[in-house]
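S.K.: pasting a predicted model and its sequence here:
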Amino acid sequence: MNPTDYIPHRPPFLLVDEMISIEPGVSAVGKWTLTGDEYFFSGHFPGRPTLPGVLLVEALAQCSGVSVMADRQYEGRLALFGGITSAKFRRQVVPGDTVLLEVTMNHVTSRGGKSVGRATVDGKVAAEAEMFFVFVSAE
């Protein structure tokens, strides 16, 4: 499944390559494969390229956006990243890694919601985050 069917993000800021599963308004699983050609690797630690943690959290937020925007009751709206309640980074993500992005929606109302996400590489946790978003008109 293509994440662009649900969220407006496009390269170079689309950070999810493929959706593996979507349960509208409940959960989503996506993946992001890092080739090493991404724009940020050249400057985020030259000689030891590392995915910036903030982009890993953004990828989780994009998966959360797919989950809620797949729910037809939110048509005509846009889910905007409202904030990060907490985030923990457990390991580096480097060129060649494929990141599995798993999110669960904790609470969704007509105004916004909260989600939790976990990013793993080869079954090892790279990051965990609690996030929230707000709905605005898509127009």
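M.R.: On my side now, so go ahead. Numbering: from 1, shown residues only.
S.K.: counting neighbours, what do you get for residue 120?
M.R.: 18 (other Cβ atoms under 10 Å). From N, CA and C alone the C-beta is placed, and that goes for glycine too.
S.K.: that one is in what secondary structure piece?
M.R.: Using DSSP states H and E, residue 120 falls within strand 112-121.
S.K.: export the next helix-or-strand element following that strand as CSV, just CAs?
M.R.: Following strand 112-121 in sequence order, the next helix or strand is strand 124-137 (DSSP H and E). Taking C-alpha atoms only, strand 124-137 is exported to CSV below (Å, rounded to 0.1, in the frame of the first residue of the first chain):
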residue,chain,number,x,y,z
LYS,A,124,15.9,-4.4,17.6
VAL,A,125,14.2,-1.2,18.9
ALA,A,126,15.7,2.0,17.4
ALA,A,127,13.2,4.5,18.8
GLU,A,128,10.0,4.7,20.7
ALA,A,129,7.7,7.8,20.8
GLU,A,130,4.4,9.1,22.1
MET,A,131,3.0,11.8,19.8
PHE,A,132,-0.1,13.9,19.3
PHE,A,133,-1.7,15.5,16.4
VAL,A,134,-4.5,18.0,15.6
PHE,A,135,-7.0,18.0,12.8
VAL,A,136,-7.4,21.0,10.5
SER,A,137,-9.4,21.5,7.3
